[in-house]
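> pasting the sequence and the predicted coordinates here, then a few questions.
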Amino acid sequence: MPRYEYRCRTCGDTFELNRPMAESAAPAACPAGHDDTVKLLSTVAVGGTASSPAAAPAPRAGGGGGGGGCCGGGCCG
């Protein structure tokens, strides 16, 4: 179940609620009982490394395995 973050406009408290996505826009009272709250936009950080062969860059058109052009792959002017 998703977790949503809210802020109370009355007391300034920030709190989180677990609720279904269908209820994400429903009013939420703060723990102090105030009803004037606003849902905050949360950011999600995802970290890690890829270790599968699918993470390797795709071969370039033209192939040849020689770097793909002048200067090792970039086009120098």
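Okay, I see it. Residues are numbered from 1 along each chain as shown.

> quick check: buried residues in the helix or strand where residue 15 lies?
Using DSSP states H and E, residue 15 sits within strand 14-18. By 16 or more other C-beta atoms under 10 Å, the buried positions in strand 14-18 come out as residue 17. C-beta coordinates here come from the backbone N, C-alpha and C atoms, glycine included.

> what's the average pLDDT for stretch 29-43?
Stretch 29-43 shows a mean pLDDT of 91 in the predicted model.

> which residues touch that stretch?
Contact with stretch 29-43 is made by 4-11, 13-15, 24-25, 27-28, as judged by C-beta atoms under 8 Å, 6 or more residues apart in numbering.

> which of those residues are buried?
4, 6, 8, 28.

> check the residues you listed and tell me the two furthest apart.
4 and 8 (13.7 Å; C-beta to C-beta).

> how about the strands in the chain?
According to DSSP state E, the chain carries its strands in the segments 3-8, 14-18, 37-39.

> between these, which one is nearest to residue 47?
strand 3-8 (18.5 Å).

> which helices and strands does that closest one pack with?
Packing partners of strand 3-8 (3 or more C-beta pairs under 8 Å, 6 or more residues apart in numbering; DSSP states H and E): strand 14-18, strand 37-39.

> quick check: mean pLDDT across it?
In this model, strand 3-8 has an average pLDDT of 94.

> quick one, it and strand 14-18 angle?
Orientation check (axes from the mean of the first three to the mean of the last three C-alpha atoms, to 10 degrees): strand 3-8 against strand 14-18 gives 150 degrees.

> residues contacting strand 3-8, please?
With C-beta under 8 Å, 6+ apart, strand 3-8 has contacts from 13-19, 24, 28, 30, 32, 34, 36-40, 42.
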